[in-house]
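Engineer: Sequence and predicted model, in that order:
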Amino acid sequence: MPGNPFEHPGEWLRGSLHTHTTQSDGAVSPEENLAWHAGHGYDFVGITDHDRVTMAEAPEGLVLLPGAELSLRSDADCGSFHLVSVGLPPDFDPPMPGSTGHQEGIDLVRSVGALCFVAHPHWSEMSTRALEGLSGFLGVEVFNHGCDRENRSGLAETYWDRLLLEGKRVYGFATDDSHWRIPDHGGGWIVARSEERTPEGVLSAIHDGRFYASSGPSIEDIRLDGNRLYVRCSPVRSIYWMEGARGWSAHADEGQFLTEAEFEINPRRYFRVTVADVHGRCAWSNPFFVE
């Protein structure tokens, strides 16, 4: 990450990066999808219908990031490989589902100036081997609300940490993957530090890792002074710093809440912060790397 996003100029914008409409297998129209997000405090939305780019007129104040969820070729290391892509040009022609290899699909997205990350690795029954040799993808869905509601396969912290421990500098995304047939919307998002309320500004923030992921709480500040780590957040039950299985935590007493914590840390390669509220909802910072 090029610097601490909590020290970067700009404003915090909340966004949904993985949602579907009737243009693929969603139950609401593109216009209904965007209207719901505009009415529930979102600042940007990536409509990511399966293997197609869906365009629509966004309500005033809502930034639309044209995108698609590409269905790449499956193999022995993954039951399915879905690549969420945002910032695609409206005339982007997605490959036929299952016709394109993993690196080929990533390279295709990057060749048109768009960004991509790996969808629901747990739900896809993916091994970390499927990701180890790949380059150019920004990260993985650390939390997919739709998969979590469907069958508890939405959390992927283990995948993320394994990649980080192996030296990959990848970000963690929280998404809805909403299809609107069950209550699978409004449960996973990112909050990005953007200098502009424009597609270019939001995409730049995502590219640089200037965001955190959430299924409920907010992270308000992370500061590092030497080996002293300071975290401030919305009221939560627990605050953690971690590097794989290493790290430490602070916990509120029964019936109480935490809004800040300080730790003395000694990471070897990276550290990241997670906060968890009384309902089990979390927010995840992106990793801070030890140079």
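Structural biologist: That came through, no problem.
Engineer: Only C-alpha atoms from now on, for both contacts and neighbour counts.
Structural biologist: Will do.
Engineer: who does residue 270 bridge with?
Structural biologist: Beta bridges link residue 270 to residue 289 when assigned by DSSP bridges.
Engineer: Just give the closest residue to residue 273, not the sequence neighbours.
Structural biologist: Among residues not flanking residue 273 along the chain, residue 241 sits closest, at 4.5 Å (Cα to Cα, 6 or more residues apart in numbering).
Engineer: What's opposite the one you found in the beta bridge?
Structural biologist: residue 248, residue 273.
Engineer: Verify the contact between it and residue 270 for me.
Structural biologist: No: look at residue 241 against residue 270 with Cα atoms under 8 Å: they stay out of range, at 10.3 Å.
Engineer: And those two? Which one has more around it.
Structural biologist: The neighbour comparison of residue 241 against residue 270 (other Cα atoms under 10 Å) goes to residue 241, with 24 against 20.
Engineer: Show me how far the helix or strand containing residue 224 is from its chain's centre.
Structural biologist: Secondary structure from DSSP states H and E places residue 224 in strand 219-225. Strand 219-225 sits 19 Å away from the centroid of its parent chain (Cα atoms, centre = their mean, to the nearest Å).
Engineer: Does whichever helix or strand comes after that strand pack against any helices or strands, and if so which?
Structural biologist: Tracing the chain C-terminally past strand 219-225 and defining elements by DSSP H and E, one meets strand 228-236 next. Applying 3 or more Cα pairs under 8 Å, 6 or more residues apart in numbering; DSSP states H and E, we find strand 228-236 packed against strand 219-225, strand 258-264, strand 270-276.
Engineer: out of those, deepest packed?
Structural biologist: Of all those, strand 270-276 has the most neighbours on average by mean count of other Cα atoms under 10 Å, namely a mean of 23.
Engineer: Could you list the single helix or strand in this protein with the lowest mean pLDDT?
Structural biologist: The weakest-scoring helix or strand in the chain, judged by mean pLDDT, DSSP states H and E, is helix 129-132 (a mean of 90).
Engineer: Could you point out the helix or strand that follows that helix?
Structural biologist: strand 139-144.
Engineer: what is the mean pLDDT for that following strand?
Structural biologist: Mean pLDDT, strand 139-144: 98.
Engineer: returning to what we had before: can you pull the buried residues of the least confident helix or strand of the chain?
Structural biologist: 130-131 (16 or more other Cα atoms under 10 Å).
Engineer: Tell me the gap between it and the middle of its chain.
Structural biologist: That offset, for helix 129-132, works out to 19 Å (Cα atoms, centre = their mean).
Engineer: Check stretch 96-111 too.
Structural biologist: 20 Å.
Engineer: Kindly report the same for stretch 58-68.
Structural biologist: Distance of stretch 58-68 from its chain centroid, counting by Cα atoms, centre = their mean, is 17 Å.
Engineer: ditto for stretch 253-265
Structural biologist: Put simply, stretch 253-265 sits 25 Å off its chain's centre (Cα atoms, centre = their mean).
Engineer: Please report how far residue 198 lies from residue 49.
Structural biologist: 21 Å (Cα to Cα, to the nearest Å).
Engineer: which intervals of this structure have sub-threshold pLDDT?
Structural biologist: Scanning the chain for pLDDT under 70 picks out 1-2.
Engineer: Pull the contacting residues for the residue nearest to residue 273.
Structural biologist: 247-249, 271-274 (Cα atoms under 8 Å, 6 or more residues apart in numbering).
Engineer: Helices of the stretch 101-250 of the chain, residue ranges please.
Structural biologist: Per DSSP state H, counting those that start in this stretch, the stretch 101-250 of the chain carries helices over the ranges 102-111, 129-132, 145-151, 157-165, 199-207.
Engineer: Residue 79 is nearest to which of these?
Structural biologist: Ranking those by proximity to residue 79 (Cα to Cα) places helix 129-132 first, at 10.4 Å.
Engineer: Show residues contacting that closest one.
Structural biologist: Contacting residues not belonging to helix 129-132 are listed as 77-78, 163 [Cα under 8 Å, 6+ apart].
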